[in-house]
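Peer 1: Sequence and predicted model, in that order:
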Amino acid sequence: MARKSDPSRVTIRAVAKAAGVSPATASNVLTGKRQVHSTAGRRVLDAAQRMGYQREDRKEFKRAIHFVLYKKHGHVVMDTPFFSALIQGIEKTCRSNGFSLSLTYIDRVKNAGSDALIRQIVSDAETPLLLLATEMDEADLLPFSSFQGPMVVVDNHCPMLPLHTVSIDNGMAGWAAGNCLLSHGHRQVGFITSSIPFQNAKDRQRGLSEALASKGLRLAEQDIFSVTPTLEEATRELTGLFSGRRELPTAMFAMNDILAFAAYRALQETGRRIPDDVSLIGMDNLPFGQIVTPQLTTIGVHKEELGHQAVEQLIHIVKGNVSVPVKLSVSVSLIERGSVCNCNREACINENL
């Protein structure tokens with residue numbers, strides 16, 4: 001009688017060979033990271049069951065979390081209250097769960113050795129990984145695809161990749177901003193966004209466009225103002241763009257509060273009043289929004305909760321409680337102040353008659 005394989009001796013490499021796939025694919029399937037429901041995934045699971053493979057004890061993972069902050073250009077990931085609150089939420093949740101936390105910055109512009117640093121991070125599969133991917137696209141995430149340990153991507157829901165992610169509900173943010181402006185009678189709405197594309201900005205624009213479409217309106221190409229997403233550069237560029245327009249949209253949604261503050265300056269420079277000439281909504285609820293006059297209406301983001309949920313999700317993976325990629329979205333809320341008023345421009349009034 002044939003002797004059944006000793007489960008303790010059945011390796012991922014052996015399962016991969018039996019299933020006719022690479023060891024990396026077998027590992028991804030057996031850890032629930034990806035391809036579980038694909039043809040190859042089913043072959044791997046069948047081979048693992050037939051051979052008596054048992055997953056390794058999750059206790060091999062360190063009670064430490066490695067938080068990697070990835071800067072592709074550094075125009076979005078900056079020393080702002082948003083990222084300070086995010087890190088604070090991560091630190092608090094690590095402490096309350098008995099995990100230590102280490103931070104590593106990857107700066108693709110300033111650090112010539114970033115490729116070597118990424119390889120070093122990826123090789124340490126025993127330390128669970130949080131990856132801040134605000135500025136990352138699919139190509140930037142590719143070097144991390146070989147990471148064999150638990151990983152959660154933060155602040156980018158990576159719609160086309162089977163990764164565990166925790167992000168802001170950016171589509172809802174755009175919808176909430178658009179719905180607020182529509183409820184105040186605005187029918188020509190603009191969007192101030194980053195000239196350096198990234199996923200969150202795309203999702204906010206999509207949400208705004210969907211809100212407008214619900215009323216039979218659209219976001220006109222000439223009313224999308226793409227600028228460098230830093231305060232000084234955005235102020236200079238918006239001043240030039242606004243100066244070249246005889247008439248602006250009656251209201252605008254700025255991708256974040258920094259661009260909203262730049263719009264405040266540019267509108268004042270070009271002789272426009274907020275909200276009488278142009279109503280304005282920002283996003284992130286940064287402190288200066290209550291200092292400017294009028295105070296800024298904004299989309300509030302639960303920044304610490306974003307960090308908290310990212311750590312909790314990572315710990316669930318470490319404990320083996322999550323078998324397939326899960327994408328979590330943290331909700332947002334509209335905070336109404338003084339920078340939005342009812343539209344009194346003739347075109348708006350006539351359209352609402």
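Peer 2: Yep, that arrived.

Peer 1: Under the pLDDT cut-off, which ranges of the stretch 51-200 of the chain? List them.
Peer 2: Low-confidence segments of the stretch 51-200 of the chain, defined by pLDDT under 70: 55-60, 74, 79.

Peer 1: For residue 311, give me the pLDDT.
Peer 2: Confidence at residue 311, expressed as pLDDT, is 97.

Peer 1: Check residue 220 too.
Peer 2: So, for residue 220, pLDDT stands at 96.

Peer 1: And for residue 48?
Peer 2: 84.

Peer 1: For residue 328, pull up the helix or strand it's in.
Peer 2: Using DSSP states H and E, residue 328 sits in strand 327-330.

Peer 1: do the same with residue 103
Peer 2: Going by DSSP H and E, residue 103 is in strand 100-107.

Peer 1: Summarise which helices and strands the helix or strand following that strand is packed against.
Peer 2: Counting by DSSP H and E, the element after strand 100-107 in chain order, helix or strand, is helix 114-123. The contact analysis (3 or more CB pairs under 8 Å, 6 or more residues apart in numbering; DSSP states H and E) places helix 114-123 against strand 100-107. (Glycine included, C-beta is placed from N, CA and C.)

Peer 1: Show me what the strand it packs on is packed against.
Peer 2: Using 3+ CB pairs under 8 Å, 6+ apart: strand 100-107 touches strand 64-71, helix 81-96, helix 114-123.

Peer 1: Figure out how far that strand is from the centre of its chain.
Peer 2: Relative to the centre of its chain, strand 100-107 is centred 18 Å away, using CA atoms, centre = their mean, to the nearest Å.

Peer 1: That strand pairs with which strands, and in what direction?
Peer 2: When sheet partners are counted by DSSP bridges, strand 100-107 sits next to strand 64-71 (parallel).

Peer 1: So what angle separates the directions of the partner strand and helix 114-123?
Peer 2: Counting by axes from the mean of the first three to the mean of the last three CA atoms, to 10 degrees, strand 64-71 lies at 150 degrees to helix 114-123.

Peer 1: Could you pull out the buried residues of strand 64-71?
Peer 2: 65-71 (16 or more other CB atoms under 10 Å).

Peer 1: repeat for stretch 267-281
Peer 2: Counting neighbours by 16+ other CB under 10 Å, stretch 267-281 gives 267, 270, 272, 274-275, 278-281 as buried.

Peer 1: Among those residues, which are located in strands?
Peer 2: 279-281 (DSSP state E).

Peer 1: can you put the residues you listed in JSON lines and add distance to residue 195?
Peer 2: Conversion of those to JSON lines gives the following (distance: CB to CB, whole Å):
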{"residue": "279", "distance to residue 195": "23"}
{"residue": "280", "distance to residue 195": "19"}
{"residue": "281", "distance to residue 195": "20"}
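
Peer 1: and of those residues, the nearest to residue 22?
Peer 2: residue 281 (48.6 Å; CB to CB).
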